[in-house]
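Asks: Prediction below, plus the sequence it came from.
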Protein chains: 2
Amino acid sequence: MMPPELNLRVLPRTVQQEAVDKLRLAIFSGVFEPGSRLIESNLCLRLGISRPSLREALRSLAAERLIDIVPNRGPSIPALTWEEVTAIYEARELLEVEAVGRCAERISNEQLDALEKSLSAFEAAALSNDGLARITTAADFYSIILANCGNPILEEIHRGLVARISLFRSRSMSLKGRAMSSLTEMREIYEAIAAHDEKAARKASRKHVLKAMAAAKKSMPPPD
Amino acid sequence: MMPPELNLRVLPRTVQQEAVDKLRLAIFSGVFEPGSRLIESNLCLRLGISRPSLREALRSLAAERLIDIVPNRGPSIPALTWEEVTAIYEARELLEVEAVGRCAERISNEQLDALEKSLSAFEAAALSNDGLARITTAADFYSIILANCGNPILEEIHRGLVARISLFRSRSMSLKGRAMSSLTEMREIYEAIAAHDEKAARKASRKHVLKAMAAAKKSMPPPD
DNA sequence: ATTGAAAGAATGTCTGACAATCGGGTTGAC
DNA sequence: GTCAACCCGATTGTCAGACATTCTTTCAAT
């Protein structure tokens, strides 16, 4: 039998959505220089879509805060300041610690297995030199935690925050040293969750986010 | 002299932005039935703008989660379920408690005065029968707190969350009883902040959000 | 060097059009 | 009468093209 709450609707992918996804991915991977302007006509050509469709996609990204749009000057990649990055990491800490704590209390054995697997995958990526794999496997790890915290809103907000600092994350994750520290910290989180020890899980999670913030800031221009 | 960090840029208001603001306001005030579809051609006529501009505005609202857009079926007002409302209030609690706690530690005397004034304004609204005034004055109160928590990201996320449950808030705030309880709870928060007592402020804030959630849920269909 | 004007580039906005899709109602078969 | 298939109007997805407005840059003049 089929669980009735399962959503079976297949969402047709529109041109506009494809454009949002592709642009998001491009921004993540640092195709555009922070602070640089995005020219509509260029993007239309590169994406092979019309200007109205592109502009709809840009409005979506602007609402996600992945690009800035200034009237009469058009869209640009935000150049995050030291203060903004700090604020984002602080918010991420608040949400992620809470999610990890909740997750420790309620995760199923099945999902725990999946979490362990994703940790192994990250370990493999950390040992290799595949920077992209490190990012994606780490994202899987968080994703499982956030999906099991019992609150989809926390998950949604967390995803948005991590997206906005993805550039700094990929920079620091490209350093093998940082990847290995991350691995240790994430294993600590996993152990605490597996033991259903909420307090330890929160503590490990807080430590992890703070270290990630410190690592990210090393790749930033100093705050004057 | 002029403080150099002050942003003097005047943002020209575009048709698209006007549309977003007007639609947001309309959604807040319950002009559209939850679950009802929004027909593009209708909205174009009512707003007096073209379809491309409207569609850009709709994409913005969709990214804010104020409307749903299903491909080939267009935009509609989300009909929030019991679970979603719970999740939003839980997230709001997490953020608001943190913001209130931080605010208690760092607010300036000047801003404290402003906070007191906004509390008085809410008191007047609570005693009157002006439901709209209750919402706006209460929003001012939170806004001052969130603006003084030292983290603009928390402010931004909180605003988004409150927007999504504005319908339920306006329903419960239209009840004089709920407005008077809110007043008591908010006064408690204010007193704790004025005393720079972070712990008491957090406690009062948590109580306030939990009571608001309970009040909101009374105006909802039961969770099956 | 500062100011001012002019040219070029890019955005904001609209009109109009057409194909694809969805929802509902009608028809027809059993 | 029930159920299925079918068809049609309504609505959305997408594009092309156009034009006024605004920004940026260049260049000349004071």
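Replies: Now that the structure is in, tell me what you want to look at. Numbering: from 1, shown residues only, chains lettered A, B, ... in the order given.
Asks: All the helices of chain A, residue numbers only.
Replies: Defined through DSSP state H, the helices belonging to chain A, from first to last, are A:15-28, A:40-47, A:51-63, A:82-106, A:109-127, A:131-147, A:152-164, A:166-173, A:176-194, A:198-218.
Asks: domain parsing for chain A?
Replies: Following the assignment in automatic domain parsing, chain A carries domains at A:15-76, A:82-218.
Asks: which parts of chain A sit against chain B?
Replies: Of all the residues in chain A, those in contact range of chain B (Cβ under 8 Å from any Cβ of the partner chain) are A:9, A:11-14, A:16-17, A:52, A:55-57, A:59-65, A:70-72, A:84, A:87-88, A:90-91, A:94-95, A:98, A:151-154, A:156-157, A:161. Where you see a C-beta, it was placed from the backbone N, CA and C, and this is true even at glycine.
Asks: Could you list which residues are in contact with the residue positioned nearest the centre of chain A?
Replies: Nearest to the geometric centre of chain A sits A:V162, at 3.4 Å (Cα atoms, centre = their mean). A:V162 makes contacts with A:R92, A:A139, A:Y142, A:R169, as judged by Cβ atoms under 8 Å, 6 or more residues apart in numbering or on different chains.
Asks: In a markdown table: those residues, plus distance to DNA strand C and neighbour count.
Replies: Conversion of the contacts of A:V162 to a markdown table gives the following (distance: Cβ to the nearest atom of the strand, whole Å; neighbours: other Cβ atoms under 10 Å in any protein chain shown):
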| residue | distance to DNA strand C | neighbour count |
| --- | --- | --- |
| A:R92 | 30 | 22 |
| A:A139 | 30 | 16 |
| A:Y142 | 33 | 20 |
| A:R169 | 28 | 22 |
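Asks: Report the two of these separated the most.
Replies: Using Cβ to Cβ, the contacts of A:V162 reach their maximum pairwise distance at A:R92 and A:A139, which is 13.3 Å.
Asks: Point out where chain A drops to low pLDDT.
Replies: Low-confidence segments of chain A (pLDDT under 70): A:1-9, A:221-224.
Asks: Quick one: name the residues of it near DNA strand C.
Replies: When proximity is defined by Cβ under 7 Å from any atom of the strand, chain A lies next to DNA strand C at A:12, A:37-41, A:51-52, A:55, A:69, A:71-75.
Asks: Looking at those residues, which is nearest B:E123?
Replies: The nearest one, if we look at the residues of chain A next to DNA strand C relative to B:E123 and count by Cβ to Cβ, is A:P71, at 38.9 Å.
Asks: That closest one and B:P12 touch, don't they?
Replies: Yes: in this structure, A:P71 is within contact of B:P12 by Cβ atoms under 8 Å, at 4.7 Å.
Asks: Which one's more surrounded, the two?
Replies: Neighbours around A:P71 and B:P12, counted as other Cβ atoms under 10 Å in any protein chain shown, are more numerous at A:P71. The numbers are 13 against 9.
Asks: out of the domains of chain A, deepest packed?
Replies: Mean neighbour counts were taken over the domains of chain A using mean count of other Cβ atoms under 10 Å in any protein chain shown, and the top value, a mean of 18, falls to domain A:82-218.
Asks: centre of the chain versus that domain, how much separation?
Replies: 9 Å (Cα atoms, centre = their mean, to the nearest Å).
Asks: any idea how far the residue nearest to the centre of chain A lies from A:A124?
Replies: Noted for A:V162: a distance of 21 Å to A:A124, by Cβ to Cβ, to the nearest Å.
Asks: and if you look at A:F168?
Replies: A:F168 sits 23 Å away from A:A124, going by Cβ to Cβ.
Asks: Is it possible to get CSV of the helices of chain A that adds distance to B:K117?
Replies: As requested, the helices of chain A are exported to CSV (distance: least, Cβ to Cβ, whole Å):
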stretch, distance to B:K117
helix A:15-28, 42
helix A:40-47, 45
helix A:51-63, 32
helix A:82-106, 27
helix A:109-127, 49
helix A:131-147, 40
helix A:152-164, 31
helix A:166-173, 40
helix A:176-194, 45
helix A:198-218, 36
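Asks: among the ones you listed, which is nearest B:L25?
Replies: Closest among these, once you apply Cβ to Cβ, is helix A:51-63, at 16.7 Å.
Asks: so how far is that closest one from its chain's centroid?
Replies: A distance of 21 Å separates the C-alpha centroid of helix A:51-63 from that of its chain, computed with Cα atoms, centre = their mean.
Asks: got the contact list for the closest residue to chain B within chain A?
Replies: Closest approach between chain A and chain B, counting by Cβ to the nearest Cβ: A:A63, at 3.2 Å. For A:A63, the contacting residues are B:R59, B:S60, B:L61, B:A62, B:A63, B:E64, by Cβ under 8 Å, 6+ apart.
Asks: Closest to chain A out of these?
Replies: Where the contacts of A:A63 are concerned, and distances follow Cβ to the nearest Cβ, chain A has its nearest neighbour in B:A63, at 3.2 Å.
Asks: how far away is that closest one from B:K211?
Replies: With the distance defined as Cβ to Cβ, B:A63 ends up 31 Å from B:K211.
Asks: do the same with A:I153
Replies: Using Cβ to Cβ, we find A:I153 at a distance of 20 Å from B:K211.
Asks: Could you list the residues in contact with stretch A:103-115?
Replies: Applying Cβ under 8 Å, 6+ apart, the contact partners of stretch A:103-115 are A:141, A:144-150, A:190, A:192-198, A:200-202.
Asks: can we see that at 7 Å?
Replies: Where contact means Cβ atoms under 7 Å, 6 or more residues apart in numbering or on different chains, the residues beyond stretch A:103-115 that reach it are A:141, A:144-145, A:148-150, A:190, A:192-194, A:196-198, A:201.
Asks: For A:L167, list the residues it contacts.
Replies: A:L167 sits next to A:G30 when contact means Cβ under 7 Å, 6+ apart.
Asks: now A:A121
Replies: When contacts are counted by Cβ under 7 Å, 6+ apart, A:A121 touches A:T137, A:D140.
Asks: hmm, 6 Å instead?
Replies: Taking Cβ atoms under 6 Å, 6 or more residues apart in numbering or on different chains as the contact definition, A:A121 lies against A:T137.
Asks: Chain neighbours aside, what residue packs nearest to the residue of chain A closest to chain B?
Replies: With sequence-adjacent residues excluded and distances taken as Cβ to Cβ, 6 or more residues apart in numbering or on different chains, A:A63 is closest to B:A63, at 3.2 Å.
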